[in-house]
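> how does the following fold in three dimensions:
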Amino acid sequence: MISERVHRDGGRMLRTRMCHAMSKARLQFFQGAESREAELEQRYLRYLAEFGEADSDIYVSTFSKSGTTWMQLILYQLTTAGAMDFDHLFDISPWVWYSSIRNTVPAVTPAPRLLKSHDDYRRFEKGRRGRIVFVTRDGRDVCVSLYHHRRNFKRFEGSFDEHFEDFLYGTDYNWFEHTRRWLENSSRLPVIYIRFEDLKRSFEGTVRKLAATLDIAVNDEIIARTLDRCSFQSMKRHEMQLGPRNSHFATTEGVPYLVKNPDQFIRRGEIGEGLTVLSKEQLRAYDERFDRSLKHLPLLAEYR
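Below you'll find the model as predicted:
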């Protein structure tokens with residue numbers, strides 16, 4: 001097992017613990033949504049400080065339903081022996097935010113730590129140790145996949161039309177703005193950009209380029225194993241090890257997850273579904289929204 005010193009800022013840890021304690025105290029007196037959100041935010045910041053950073057960390061950063069789990073498994077195969085006998089994905093590739101809402105310490109894993117994140121770019125813009133793999137996916141496909149994910153895992157009871165309006169114009173977590181900030185990369189962070197579509201069309205070539213960029217030594221055996229264990233069929237067989245579980249939140253109140261169909265976490269993973277599901281009016285609205293935020297980014301030209 002390779003180990004590496006994890007850097008933790010003592011002053012930051014103290015500040016985040018104090019801020020979290022204050023937010024918990026406030027929540028005792030003010031039980032509204034604003035107080036709960038503030039407590040969760042401070043709890044997450046404390047978890048980040050306590051988790052620390054290492055120079056060898058590799059973040060898998062995405063907007064939801066853009067190939068996050070796929071990339072986590074790819075990197076797991078490239079950096080370890082790739083055994084699929086783990087209980088849950090977060091035991092081998094921690095997601096600190098998920099741990100924070102569960103009040104559970106993130107897993108300790110060997111270097112390089114493979115870390116999941118859906119965080120906005122602004123969480124990273126002041127710099128962070130390690131490197132970042134940012135996976136993009138056609139927003140039209142993301143929109144459809146996210147709708148099913150919200151229905152199956154995130155307590156959403158609305159129609160697809162309502163979801164689409166939220167996808168285009170929502171402000172809390174918006175694909176257009178999230179993607180724009182990460183691709184503009186105003187702080188010049190060490191980001192490696194991978195397109196979901198390139199993985200689908202040329203898996204081996206894209207994975208070899210990724211490994212070379214990350215200075216990961218691979219051979220034909222590792223590539224063949226990665227192709228096999230990261231195939232849709234293999235991920236479907238291991239689905240219960242990959243997605244949210246109701247048992248994760250058995251003792252936690254107010255969590256965003258409610259797993260209805262655990263066998264739909266790995267749903268289709270295809271290219272072009274959005275073009276067949278979105279109406280002509282929705283496609284026009286998507287194009288208009290795309291042009292306002294993303295038209296200037298060549299990597300995303302195919303997504304319009």
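> show me what the helix or strand Gly11 falls within is in contact with.
Under the criterion of DSSP states H and E, Gly11 resides in helix 10-29. By CB atoms under 8 Å, 6 or more residues apart in numbering, the residues outside helix 10-29 that reach it are Ser35, Arg36, Ala38, Glu39, Glu41, Gln42, Arg43, Leu45, Arg46, Leu48, Ala49, Glu50. C-beta coordinates here come from the backbone N, C-alpha and C atoms, glycine included.
> and that helix, average pLDDT?
Averaging pLDDT along helix 10-29 yields 94.
> the helix or strand just after it packs against which elements?
Counting by DSSP H and E, the next helix or strand C-terminal to helix 10-29 is helix 33-51. For helix 33-51, the packing partners by 3 or more CB pairs under 8 Å, 6 or more residues apart in numbering; DSSP states H and E come out as helix 10-29, helix 96-102.
> about what we covered before: and the helix holding Gly11, how far from the chain's centre?
Here helix 10-29 is found 26 Å from its chain centre; the criterion is CA atoms, centre = their mean, to the nearest Å.
> what angle do helix 33-51 and it make with each other?
With axes from the mean of the first three to the mean of the last three CA atoms, to 10 degrees defining the directions, helix 10-29 sits at 160 degrees from helix 33-51.
> tell me which of the helices and strands packed on helix 33-51 is the most buried.
helix 96-102 (a mean of 19; mean count of other CB atoms under 10 Å).
> who does that helix touch, helix- and strand-wise?
Helix 96-102 packs on helix 33-51, strand 114-117, going by 3+ CB pairs under 8 Å, 6+ apart.
> quick one: closest of these to Val259.
Among the helices and strands packed on helix 96-102, the nearest to Val259 by CB to CB is strand 114-117 (17.8 Å).
> among the helices and strands packed on helix 96-102, which gets the worst mean confidence?
helix 33-51 (a mean of 93).
> helix or strand right after it?
Helices and strands here follow DSSP H and E; after helix 33-51, the next one along the chain is strand 58-62.
> so what touches that next one?
Against strand 58-62 from outside (CB under 8 Å, 6+ apart): 68, 71-72, 75, 79, 93, 112-119, 124, 128, 130-137, 182, 191, 214.
> mind giving me the ChimeraX command for buried ones among these?
Per 16 or more other CB atoms under 10 Å, the buried members of the contacts of strand 58-62 correspond to this ChimeraX selection:
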select :68,71,72,75,79,93,112,113,114,115,116,117,118,119,124,128,130,131,132,133,134,135,136,137,182,191,214
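> out of the contacts of strand 58-62, which sit inside strands?
Leu114, Leu115, Lys116, Ser117, Arg131, Ile132, Val133, Phe134, Val135, Thr136, Val191 (DSSP state E).
> redo the residues you listed as CSV? Include distance to Asp198.
As requested, the ones in strands among the contacts of strand 58-62 are exported to CSV (distance: CB to CB, whole Å):
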residue, distance to Asp198
Leu114, 20
Leu115, 22
Lys116, 20
Ser117, 21
Arg131, 19
Ile132, 17
Val133, 13
Phe134, 13
Val135, 10
Thr136, 10
Val191, 16
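> Trp175: which of those residues is nearest?
Of the ones in strands among the contacts of strand 58-62, the one sitting nearest to Trp175 (CB to CB) turns out to be Thr136, at 10.0 Å.
> beta partners for that closest one?
Arg195 (DSSP bridges).
> who are the neighbours in contact with it?
Thr62, Ser66, Thr179, Leu183, Tyr193, Ile194, Arg195, Phe196, Leu299, Leu300, Tyr303.
> and the first one, how far is that from Gly243?
So the one you mean is Thr62. 15 Å (CB to CB, to the nearest Å).
> the two: who's more crowded?
Taking other CB atoms under 10 Å, Thr62 and Gly243 do not tie; Thr62 has more neighbours (27 against 20).
> show the model's pLDDT score for the more buried one.
98.
> which residues does it bridge with?
If you apply DSSP bridges, the partners that Thr62 bridges to are Val135.
> any idea how this protein splits into domains?
Recorded structural domains for the chain (assignment: automatic domain parsing) are 9-52, 55-303.
> from these, which stretch is densest packed?
Mean neighbour count (mean count of other CB under 10 Å) peaks for domain 55-303 among these, with a mean of 17.
> cheers, nothing more for now.
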